[in-house]
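*Asks:* quick one, what's the 3D model for this:
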Amino acid sequence: MKAIVFERGLLNRISKDDREAFRVLYQQYIPLVYHFSYSILKDSDASEEIVQCVFVNVWEKRVILNRIDNIKAYLFRVTKNLILNDLKKQQIIKKSVTHLTVENSGEENPEDQFIYKESMLLAEEAISKLSPKRKLIVELRTKQNLSLDEIADQLQISKNVVKKQFYKGTAFIKDYLIKRGRLTLLWFIMHWF
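*Replies:* All right, here's what the predicted structure looks like:
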């Protein structure tokens, strides 16, 4: 009974923008959400990403939290929905890549080759504009295919720093290519992830 009263009070405080109450909720439920996510995805990086998305979602929808009766069930539902959405996106990307591979299994036409080379040159140009640390992290992830953990170990920095630097770097590259009219979502995903 005390736990239910405590949770209800916590949810009421969060719904009124109490960041400390949110931190308590986050600390209390992060292991549960991570383990649930990992039990489905079997990938620690993807599970950590889902955990962050779950709690961002909770904070963004905090005004409704005072109407939630069971926070565990709510967190599981949000986690499940985010995982399903992520898996659907992966399926769409796989189908698109398969379609492109089959479609391009013959010889590529000169126009496609030119567009590809031009896009790669622009991507390299964008990379050259990154800070040295961010550039190194992006190159280790995309060209050497190292995981975030491996990069963190190699550079002797935290995984969170690596993750932030990588995502900021890829966001810059994406924006750089978009501004020059050379980016399709599929091309970006195929060449940077």
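*Asks:* other residues contacting stretch 72-83?
*Replies:* Stretch 72-83 is contacted by residues 29, 32-33, 36-37, 40-41, 50, 53-54, 57-58, 68 when judged by C-beta atoms under 8 Å, 6 or more residues apart in numbering. The C-beta positions use only the backbone N, C-alpha and C, and glycine is treated the same way.
*Asks:* again, 7 Å this time
*Replies:* Stretch 72-83 is contacted by residues Y29, V33, F36, S37, I40, L41, I50, C53, V54, N57, V58, I68 when judged by C-beta atoms under 7 Å, 6 or more residues apart in numbering.
*Asks:* so how far is the one helix or strand G9 maps to from its chain's centroid?
*Replies:* For G9, the host element (DSSP states H and E) is helix 2-15. Mean-position distance between helix 2-15 and its chain equals 29 Å (C-alpha atoms, centre = their mean, to the nearest Å).
*Asks:* convert it to CSV, retaining C-alpha atoms only.
*Replies:* Below are the C-alpha coordinates for helix 2-15, written out as CSV (Å, rounded to 0.1, in the frame of the first residue of the first chain):
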residue,chain,number,x,y,z
LYS,A,2,2.8,2.4,0.9
ALA,A,3,4.5,1.8,-2.5
ILE,A,4,1.3,2.6,-4.4
VAL,A,5,0.8,5.8,-2.4
PHE,A,6,4.5,6.7,-3.0
GLU,A,7,4.2,6.1,-6.7
ARG,A,8,1.0,8.1,-7.0
GLY,A,9,2.6,11.0,-5.2
LEU,A,10,5.7,10.7,-7.4
LEU,A,11,3.5,10.7,-10.6
ASN,A,12,1.5,13.7,-9.3
ARG,A,13,4.8,15.6,-8.7
ILE,A,14,6.1,14.7,-12.1
SER,A,15,2.9,15.9,-13.8
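*Asks:* that older thread, among the contacts of stretch 72-83, which ones are buried?
*Replies:* Y29, V33, F36, S37, I40, L41, I50, C53, V54, V58, I68 (16 or more other C-beta atoms under 10 Å).
*Asks:* where's K72 relative to F6, distance?
*Replies:* 13 Å (C-beta to C-beta, to the nearest Å).
*Asks:* which non-adjacent residue is nearest Y29?
*Replies:* L75 (5.7 Å; C-beta to C-beta, 6 or more residues apart in numbering).
*Asks:* show me the contact partners of stretch 53-70.
*Replies:* With contact meaning C-beta under 7 Å, 6+ apart, stretch 53-70 is reached by L11, N12, I14, S15, F22, Y26, V33, Y74, L75, V78, T79, L82.
*Asks:* what residues sit buried inside that stretch?
*Replies:* For stretch 53-70, the neighbour count (16+ other C-beta under 10 Å) marks C53, V54, F55, V58, R62, L65, I68 as buried.
*Asks:* first-to-last residue distance for it?
*Replies:* For stretch 53-70, the first-to-last residue distance is 19 Å (C-alpha to C-alpha, to the nearest Å).
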